[in-house]
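Enquirer: let me see the structure of the following:
(2 chains)
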Amino acid sequence: MRAALQLRLLEARRRGAGWLLLGGFLLILATALFGGGTVDGRYGLATDLAATLAYAAAIGIGAFPLAIDRERRRSYLPSASPVTPWGWALGNAAAAAIVVFCFAVTLFAAAGLGTAMRGGIETARVKSLGVEGGRMLGAQPLAIGVPEGTTHLRLMARTYLVAEQKEGTEEAARIDIDGAAFPIYHERPVVLPVQGNPVRLRNRTESYAVVLDLGSVRALYEDKPFVPNALLAGIPPALAAAALAAIGVAAGAHLAAPVAALALAALLLLASMRGFLLEMIEFEGSLQRSQTTSQAGAPPDRGTTDGPARAFAKSAIVGLLHVTPAIGPLDRSGEVSTGYWVGTARIPRALLLLAGALALATLTGGVGVALRRTP
Amino acid sequence: MSIVEAHALRREFRGPVRSGPVIAVQSLDLGIEPGRVFGLLGPNGSGKTTTILMLLGLLPPTSGDARVLGHPAGAREARQRTGFLPEETRLYEFLTGAETLDFVGRLFGIPRAERRRRADMLLEKTRMSEARDRKLATYSKGMARRIGLAQALMSEPDLLVLDEPTSGLDPVGNRGVKDLLDELSCKGTTILTTSHILGDVADVCDDILILHRGRAILRGEVKSLLADAERLSWETDTVDDAQRTRIEEALRVAGVALHEVKPPSTTLERLFLDVLAKELDESGAAT
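Expert: Got it, this is the predicted structure:
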């Protein structure tokens, strides 16, 4: 594995990856410095461009078709040596991942640096409160303790129209936080100002039942330097891009290019359709809820009417869809453009994606060799 | 025990549906004894490369079995002790000659100091020391071939498998390779080689097997196969006409038919090498 890793890293250096990196860095820096609009807008544009370039690099490295035929002939050398096909595939994949990861992180650093040079944007640190589950908000306040210095609370809630009061209710659901009311939207993140500690939350609308998703509650506090913040926000897409490159390179090197291409296409498709698919699943869930709500008078948990196989399949799909945002476009409206460190919440998912990609790359690489050795 | 053993090897390639499979190798039995230089000969498409790839485990046989160095063909233990020069030297052109040898050494798990020692020695042997730090992209075909040969020797293999080793080499390089193979053979390395150049095969091989359309049509020891029991030749110093007449008379009296009398000629290869050596000597003296 080490021989393949070192060979590929040397190949990247000798084939001019350093110049490409410098070019990309300058391009993103210029965008953040001189792009039109507000500082926030320029930062958003620069990070979008960085993510796009990172994915382009991943696909370029991972699925460069001309390289495949050349590699196939060269592969006699490692194939005739005692190196295992799995080790060779993993080494190739890891090298591609490292190169693309470094490229992507550098581009995001350029975006952060350019924005910081033009005055920067408001940033804050995010801390999870470490509680899970759902909690119904009622007229009585729910007290939540927050860390010292917390200025805002970011949270997500599920809202349900109460069936008996459905007629004539069109205004948005609202919750009261420390005495002030704010609109909330079903399963969308909102950022609310905090006045004291503990924070007191209650439901201000009678038309809606509101269930607070405790796992989504984040405390925003303590200003932080912007460049490291931007750098961290770049890590999830960098990991995702690295994963894509890893799949392509290892599979391409071992003649399983069609498998790699399918894997890439499936991931990109899932990423682009994620919103739509989640909406569909949610729509189905809400249908089931409305059916049972009228009987029980309260919103049941999702999926209670599913059989075990159906529930398993649905949860598997939802799980997969929650991994894909790591490779999808950045959600600037709710997260990165406001400068919060919420982008780092994607890191575990992106790491999961990278681990899966390396495993897939190793598998396809090894299977590719095995297939070639089978008549 | 044979270093390479194969029994009833057969390899088919899928062809167009109507024409059926293409049979590259069929009913091939093979045995190569330790320390021998074994030549696999045959016209293009006769199955030489396919046979080699099957013995290395790079291509599975359709049927039959092969063992290399006491292990099934392609087993890790066998690959650890085998050096291979493919027909087309496809190396990593962004590496230099020295880096290529170092890379191959790492594939075989050779420690760094030993890799360096072997690389220096092999670059010297293949006359590539001066080009050691040049990238392979700048090498001529012959230079790439010589580096290819050097990489096959990096692991100091017990079995060396060479597919057309002298292809693309000039006469000097060709002679160098043959000398190197002689040297390795003397040290006990078993060599399996293919070639189109029959003169090369006659020079270096102990045993040969001729393939035609995937079948073995002739096999045996080179000396025995080339020996002509019906004829005898002498080589003498130059004689004058009177001496020549007396010799011919003596042969006639003895009842021996004389077929040909001619001055011996050198080979073109020998002539080329002598002229080149002389030119190098003179230019060396001038400087």
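Enquirer: could you pick out the longest strand of chain A?
Expert: Longest strand in chain A, counting residues (DSSP state E): strand A:208-221.
Enquirer: next structured bit after that one?
Expert: Going down the chain from strand A:208-221, the next helix or strand is helix A:226-253, by DSSP states H and E.
Enquirer: check whether that next one contacts chain B.
Expert: No: on the criterion Cβ under 8 Å from any Cβ of the partner chain, helix A:226-253 is out of touch with chain B, staying 12.4 Å away. In this view, the C-beta of every residue, glycine as well, is placed from N, C-alpha and C.
Enquirer: what packs against the longest strand of chain A?
Expert: Strand A:208-221 sits against strand A:125-128, strand A:134-137, strand A:150-161, strand A:173-177, strand A:199-203, with contacts defined as 3 or more Cβ pairs under 8 Å, 6 or more residues apart in numbering or on different chains; DSSP states H and E.
Enquirer: among those, which comes closest to chain B?
Expert: strand A:125-128 (43.8 Å; Cβ to the nearest Cβ).
Enquirer: what strand or helix carries residue B:230?
Expert: Going by DSSP H and E, residue B:230 is not part of any helix or strand.
Enquirer: ok, it - how many residues close by?
Expert: 5 (other Cβ atoms under 10 Å in any protein chain shown).
Enquirer: show residues contacting stretch B:127-138.
Expert: The contact list for stretch B:127-138 (Cβ atoms under 8 Å, 6 or more residues apart in numbering or on different chains) reads A:14, B:91-98, B:100, B:119-120, B:123, B:139, B:143-144, B:146-147, B:150, B:173, B:176.
Enquirer: and those residues, which of them are buried?
Expert: Buried by 16 or more other Cβ atoms under 10 Å in any protein chain shown: A:14, B:91-98, B:100, B:119, B:123, B:139, B:143-144, B:146-147, B:150, B:173, B:176, out of those.
Enquirer: re the thing from before, now the helices and strands packed on strand A:208-221 in CSV, with mean pLDDT, distance to residue B:235 and mean neighbour count?
Expert: Formatted as CSV, the helices and strands packed on strand A:208-221 follow (pLDDT from 0 to 100; distance: least, Cβ to Cβ, whole Å; neighbours: other Cβ atoms under 10 Å in any protein chain shown):
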stretch, mean pLDDT, distance to residue B:235, mean neighbour count
strand A:125-128, 62, 95, 16
strand A:134-137, 88, 104, 17
strand A:150-161, 83, 100, 21
strand A:173-177, 86, 111, 21
strand A:199-203, 90, 110, 20
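Enquirer: mind checking how far residue B:51 is from residue B:85?
Expert: 15 Å (Cβ to Cβ, to the nearest Å).
Enquirer: ignore the last one, residue B:190
Expert: 15 Å.
Enquirer: if we can go back for a sec, narrow the buried ones among the contacts of stretch B:127-138 to those in strands?
Expert: Nothing among those maps onto strands, per DSSP E.
Enquirer: narrow those to those in helices?
Expert: Among these, DSSP state H puts A:14, B:97-98, B:100, B:119, B:123, B:143-144, B:146-147, B:150, B:173, B:176 in helices.
Enquirer: residue A:234: which of the residues you listed is nearest?
Expert: residue A:14 (26.0 Å; Cβ to Cβ).
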